[in-house]
Each structure stands twice: as C-alpha cells, then as structure tokens.
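Chemist: Task: produce atomic coordinates for the following.
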Amino acid sequence: MKKITKATYLKWYEDMLFWRKFEDKLAAVYIQQKVRGFLHLYNGQEAILAGALHVMELGKDRMITAYRNHVQPIGMGVDPKRVMAELFGKATGTSMGLGGSMHIFSKEYNFHGGHGIVGGQIPLGAGMAFGDKYFNRDNVTLCFMGDGAVRQGALHETLNLATLWQLPVVFVVENNGYAMGTSVARTASHQEIWKLGLGYEMPCGPVDGMDPVAVAEELDKAIRHARAGKGPSFLEMKTYRYRGHSMSDAQKYRTKEEVEEYRKIDPITQVKEIILKNKYASQKQLDELDASVKAKVSECEKFAEESPYPDQSVMYDAVYEQKDYPFIKHKLD
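Modeler: Predicted coordinates for the structure are as follows:
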C-alpha cells in the first residue's frame, strides 16, 4: 500500500472537507428548490471514499455505487462544477442535466453511477469486472452498496457468480446503520453484514468506516487479491450519516443524542486532530484551507446557476444511438 504521509493527511482533510461543504451547499439550494427530486447526502461517510481513492489505481480501476453518489465522481476526477450542474438539471452537467442527483456518470473517469434502484448496481459491478477479466484488462471494480441493498436477492446471485468466476471486484457495504429508516436489527437475524461473505467462501470482514487509514488498509488487501486473479472480497464499512436518508427524511427513527454521539468520531475531525497533533499544518493554515474550500464550492454553485438548461430535443439524442429511431415520436411543444 502507498505510504500514508503528511501529504496524505492534508489531501484527505481538504478532500473530505470539500465533499462535506459541497453536500451542505446542495442541501441549501435544495431548500431553495434549485435542485429537485430526491437528494441523498454523504455527510459522515467521507472516510470510506478517502481511503478507497488512496489505494485505487485511478484511470484504471472502476467505481459503481447507489444513489448517494455526488462526491465519488469528484474524487475520481470529475469536475465538481459539472456534478453540481447535473444536480441543477443543466446542460453542462455530467449527464447533460437529464440524470440529476441519483444518476451521475463519467465513462472518462471510470465512474459508472449513480443508480436509483436499490441494489441495482450490484450485478452491474460484477458485470463490469467480468468484462475486464474477459478482455484481460488489469482493472478492479469497487462496487459500493448500502446496508439495505444486501437484502436484495440480486446480491446473493451476484456473490455466487463473482466467486465462481473469480471476478476482479470488491463489494463494499457502507453500513450507516439504517436502510432509509429501518435499522439492520429489524431486517435480519444478525447484525454483522460482513458474515454474508462466509457463505460464498470469499474474503470478508468488518472495517471501521470512520477511519480512512483502516479503510485504505483493508481495501488495499482486497484490491490486490482481485488484481492477482484470486476473485472478489466482501467488506462491511461501519459508518454513519449525519443527515437523513434523503432531504425529505424526518429522522424520527433515531435521536439527536445518537447523532451527536457519532459526531464525536467525525472522520474530518479525526484527520484534523492528527494533522494538528503531528504539526503537519497550523490552525491558521487549516483556516485558510477552509476558506479556499468554501470559495471553490461557491464557484461550483455559480457555474451551475449560470449554465443553460438542456434543449428538449436532447432527450432523444441522449437515449437513442440510432438516429432514425423507428418508433413514433410525438412532437415536443
């Protein structure tokens, strides 16, 4: 694994802070109705992405996830301005404004969504890994899902085939405690999701998803295992989300005290404390970094605001490759 250095911690802090502020800004503009539909925010889970990016081979390895998917493409290299523009429904967005919050994509940066169907990305992740193995490409796919998605039958079908065919894929469960508003304890006879991997005889285990170092160490092992042709792994990242399942979530299933207790292990705060303790940067330098991050987020908002909406005709161009699509098209008013 690449060594974790002073530069690593500073990058982690800047990246995670930017992701947090980016999501906070989306929450604000959602209330102003500039972003519509569903909006699922990543606040609290940033350590998982930070640790993953540290050990992935960007430009080669792939990532696919569910609908809590705004900051992952940014980490993979997508311009955050384009991500915000997509959420605003603008033509400059990653999917020309037609996908919105739950369907961010970037073929260029190997980020394959953003999927609105719970668990829908799981077989797709294995399918991409199958393609890479079939064409002898030295790529690994990281397939992320929430704790609620593991109750989908497609997960078990996928784990079986991925193991049988020794596919280069790492399945990562981001267990933030609640599937929408239902705890793991209410959906299964066990609370240790990682044990599902035992039934398929694949490497599996729990990981502290609030610590980017722990995430990086375990994902590094899993990625090396997959790249060596030894097949998939199944990791349960135990994390927590500070905001609701989506912006429409009243959060009546948990107490404010519970949320505050988890804030004590906020991954951004943990990384900041290590930076200050080891004198990697001063508080003044971090304050300047905070200001820079806020300015960058404001630039994203300004870009999205000023971008045009897509022309209605784009809907056909984006959906159908065949120019003379044979079925009837109603004229758009």
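
Chemist: how about the strands in the stretch 1-150 of the chain?
Modeler: Per DSSP state E, counting those that start in this stretch, the stretch 1-150 of the chain carries strands over the ranges 62-64, 141-146.

Chemist: could I get the ones you listed as a markdown table with distance to residue 248, mean neighbour count and mean pLDDT?
Modeler: (Each C-beta comes from the backbone N, C-alpha and C, glycine too.) Output for the strands of the stretch 1-150 of the chain, formatted as a markdown table (distance: least, CB to CB, whole Å; neighbours: other CB atoms under 10 Å; pLDDT from 0 to 100):
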| stretch | distance to residue 248 | mean neighbour count | mean pLDDT |
| --- | --- | --- | --- |
| strand 62-64 | 25 | 26 | 98 |
| strand 141-146 | 17 | 26 | 98 |
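
Chemist: Now render those strands as JSON lines, adding distance to residue 274.
Modeler: Formatted as JSON lines, the strands of the stretch 1-150 of the chain follow (distance: least, CB to CB, whole Å):
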{"stretch": "strand 62-64", "distance to residue 274": "26"}
{"stretch": "strand 141-146", "distance to residue 274": "25"}
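
Chemist: Quick one: closest of those to residue 122.
Modeler: strand 141-146 (5.9 Å; CB to CB).

Chemist: so which of the strands of the stretch 1-150 of the chain comes closest to residue 119?
Modeler: It's strand 141-146; of the strands of the stretch 1-150 of the chain, that one is closest to residue 119 (CB to CB) at 6.4 Å.

Chemist: before we move on, back to that, so which of the strands of the stretch 1-150 of the chain gets nearest residue 118?
Modeler: strand 141-146 (7.7 Å).

Chemist: immediately after the closest one, which helix or strand?
Modeler: helix 153-164 (DSSP states H and E).

Chemist: Ok, which of the strands of the stretch 1-150 of the chain comes nearest residue 259?
Modeler: Of all the strands of the stretch 1-150 of the chain, strand 141-146 sits nearest to residue 259, with 17.8 Å by CB to CB.

Chemist: Who does the closest one pair with, and is each partner parallel or antiparallel?
Modeler: The partner list of strand 141-146 in its sheet, established with DSSP bridges, is strand 62-64 (parallel), strand 169-175 (parallel).

Chemist: need the helices for the stretch 51-200 of the chain, in chain order.
Modeler: With DSSP state H, counting those that start in this stretch, the ranges of helices along the stretch 51-200 of the chain come out as 71-76, 80-87, 121-134, 153-164.

Chemist: what would the strands paired with strand 141-146 look like in a markdown table with distance to residue 241?
Modeler: Listed next are the strands paired with strand 141-146 as a markdown table, based on distance: least, CB to CB, whole Å:
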| stretch | distance to residue 241 |
| --- | --- |
| strand 62-64 | 19 |
| strand 169-175 | 9 |
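
Chemist: Relative to residue 44, which of those strands is closest?
Modeler: Here strand 169-175 is closest among the strands paired with strand 141-146 (CB to CB), at 10.3 Å.

Chemist: How far off centre is that closest one?
Modeler: 11 Å (CA atoms, centre = their mean, to the nearest Å).

Chemist: Helix or strand with the lowest mean pLDDT in this structure?
Modeler: helix 314-319 (a mean of 74; mean pLDDT, DSSP states H and E).

Chemist: Show me what that helix is packed against.
Modeler: If contacts are counted by 3 or more CB pairs under 8 Å, 6 or more residues apart in numbering; DSSP states H and E, helix 314-319 sits against no helix or strand.

Chemist: how far does it sit from the chain's center?
Modeler: Using CA atoms, centre = their mean, the offset of helix 314-319 from its chain centre is 26 Å.

Chemist: In contact with the closest residue to residue 34 other than its chain neighbours: list those residues for me.
Modeler: Closest residue to residue 34 apart from its sequence neighbours, by CB to CB, 6 or more residues apart in numbering: residue 88 at 6.1 Å. By CB atoms under 8 Å, 6 or more residues apart in numbering, the contact set of residue 88 is 29, 34, 35, 97, 304, 305, 307.

Chemist: residue boundaries of the strands in the stretch 151-300 of the chain?
Modeler: 169-175, 178-179, 182-183, 204-208, 233-238.

Chemist: most tightly surrounded among those?
Modeler: strand 169-175 (a mean of 27; mean count of other CB atoms under 10 Å).

Chemist: orientation of that strand relative to strand 233-238 in degrees?
Modeler: 20 degrees (axes from the mean of the first three to the mean of the last three CA atoms, to 10 degrees).

Chemist: which strands and helices sit next to the lengthiest helix in the chain?
Modeler: Counting by DSSP state H, the longest helix found in the chain is helix 6-31. For helix 6-31, the elements it packs on are helix 46-55, helix 71-76, helix 80-87, helix 267-277, helix 283-306, judged by 3+ CB pairs under 8 Å, 6+ apart.

Chemist: Packing partners of the second one?
Modeler: Meaning helix 71-76. Other helices and strands packing on helix 71-76, by 3+ CB pairs under 8 Å, 6+ apart, are helix 6-31, helix 46-55, helix 80-87.
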